[in-house]
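# make a model of this:
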Amino acid sequence: MKNIAFIINPVSGSKETQKEKRKLPKVIMQVLDESQWLPNITFTEYAGHATELARQYARMGFDAVVAVGGDGTVNEVACGLRDSKTALGIIPMGSGNGFARHLNIPVRPQKALEVINHSEPISVDYGLANGKLFVSTCGTGFDALVADNFAGSNKRGFMTYLQNVLKEAFAYQPQTYHLVGDGIDVTHRAFLITFANANQWGYEALIAPKASIQDGKMDIMLMSSHAILGSASLALRLFAGSIDDSHFMDTIRAQEVTLEREVAGPFHIDGDPVEMDKDIHIKIVADGLRVLAEKRF
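Below is the predicted model of the structure:
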């Protein structure tokens with residue numbers, strides 16, 4: 001028997017999703033393979049609680065800890081499990097669910113539990129931006145602004161996200177950025193810069209279609225300051241997995257870089273807004289996290 005903990009964030013996602021989470025303990029007991037897993041179920045009570053719980057379970061030698069929520073919950077649990085032998089599982093019940101989608105984990109809880117039943121721990125990379133962990137992406141520019149607006153919205157879901165994008169896109173002023181490290185010395189006036197460990201922001205929006213979480217590197221996606229001129233084609237490419245082929249996008253691959261900005265300000269970590277200094281040191285930590293997933297992703 002293996003010990004597994006489920007950390008449920010009761011407030012992430014839509015109101016319907018929150019209602020579904022209250023019923024989840026019963027679903028877990030029905031679907032989880034009781035011949036191999038001995039479950040412990042906990043609900044978070046405040047921001048950062050998931051990290052505290054995950055770290056405690058790792059110290060207790062639990063085989064796996066499952067984040068039940070969105071990318072923010074996954075990030076918190078990963079912070080508590082990084083560089084440990086305890087594997088991260090995911091039941092995606094948030095908004096974008098970017099890391100779970102990269103891992104091909106189904107968004108239906110029952111199906112995600114079935115993945116846990118027949119998966120094995122796999123070593124993957126995580127990233128650090130000025131010491132803050134990210135599993136999927138982090139970045140600056142327009143996407144950081146949208147992340148900030150989305151976090152302050154009363155409603156969740158893709159339509160709310162899209163409304164924020166459309167509201168801000170034509171008024172946003174690009175900035176000039178300098179990237180240095182790993183043999184890179186680039187100055188770029190950009191609409192946004194995304195540092196991608198995984199391939200997407202969420203909602204199957206593939207900002208870095210070729211990014212791998214097992215190669216020890218990040219894909220740095222630089223969107224041109226003139227991107228608004230090709231916004232329709234960029235939107236289509238984003239969901240078709242071909243945005244890296246657009247002449248409005250440049251891709252740099254690196255293990256470690258420093259981003260120098262004009263001013264301190266908005267940044268995002270796995271879709272959650274944070275304020276950061278002008279200079280941000282970003283690196284990938286190879287094989288620093290274990291996840292429960294099928295080997296095909």
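# list the residues that contact T187.
With contact set as CB atoms under 8 Å, 6 or more residues apart in numbering, T187 has these partners: T176, Y177, H178, L179. Placement of C-beta: from N, CA and C, glycine included.
# the strand or helix carrying C138 packs against which elements?
C138 belongs to strand 137-141 when assigned by DSSP states H and E. With contacts defined as 3 or more CB pairs under 8 Å, 6 or more residues apart in numbering; DSSP states H and E, the packing partners of strand 137-141 are strand 175-181, strand 184-196, strand 265-269.
# using CSV, write down the CA coordinates of the longest one.
Output in CSV follows, covering the C-alpha atoms of strand 184-196 (Å, rounded to 0.1, in the frame of the first residue of the first chain):
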residue,chain,number,x,y,z
ILE,A,184,22.6,35.0,-25.3
ASP,A,185,22.8,38.8,-25.5
VAL,A,186,19.6,40.0,-27.0
THR,A,187,17.8,43.3,-26.9
HIS,A,188,14.2,43.1,-28.0
ARG,A,189,11.2,45.4,-28.0
ALA,A,190,8.4,43.0,-27.2
PHE,A,191,4.7,42.7,-26.7
LEU,A,192,5.4,39.9,-24.3
ILE,A,193,8.1,37.4,-23.3
THR,A,194,7.1,34.0,-22.0
PHE,A,195,9.6,31.6,-20.3
ALA,A,196,8.2,28.2,-21.0
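# after it, which helix or strand is next?
Using DSSP H and E, the first helix or strand after strand 184-196 is strand 218-224.
# now that next one: how far from the chain's centre is it?
Computed by CA atoms, centre = their mean, to the nearest Å, the chain-centroid distance of strand 218-224 equals 16 Å.
# run through who's touching the next helix or strand after it.
Downstream of strand 218-224, the first helix or strand assigned by DSSP H and E is helix 231-240. By CB under 8 Å, 6+ apart, the residues outside helix 231-240 that reach it are A169, E204, A205, L206, I207, M223, A227, I243, D245, S246, F248, M249.
# now helix 231-240 and strand 218-224, what's the angle there?
160 degrees (axes from the mean of the first three to the mean of the last three CA atoms, to 10 degrees).
# which parts of helix 231-240 are buried?
L234, R237, L238 (16 or more other CB atoms under 10 Å).
# against G265, how distant is the closest residue to V263 other than its chain neighbours?
In this structure, V263 finds its nearest non-sequential neighbour in K278, 6.2 Å apart by CB to CB, 6 or more residues apart in numbering. Look at K278 and G265: by CB to CB, to the nearest Å, they are 8 Å apart.
# neighbour-wise, which of these two wins?
G265 (15 against 11; other CB atoms under 10 Å).
# name all residues that make contact with the more buried one.
Residues near G265 by CB under 8 Å, 6+ apart: T140, E275, M276.
# narrow those to just the buried residues.
Buried among the contacts of G265 (16+ other CB under 10 Å): T140, M276.
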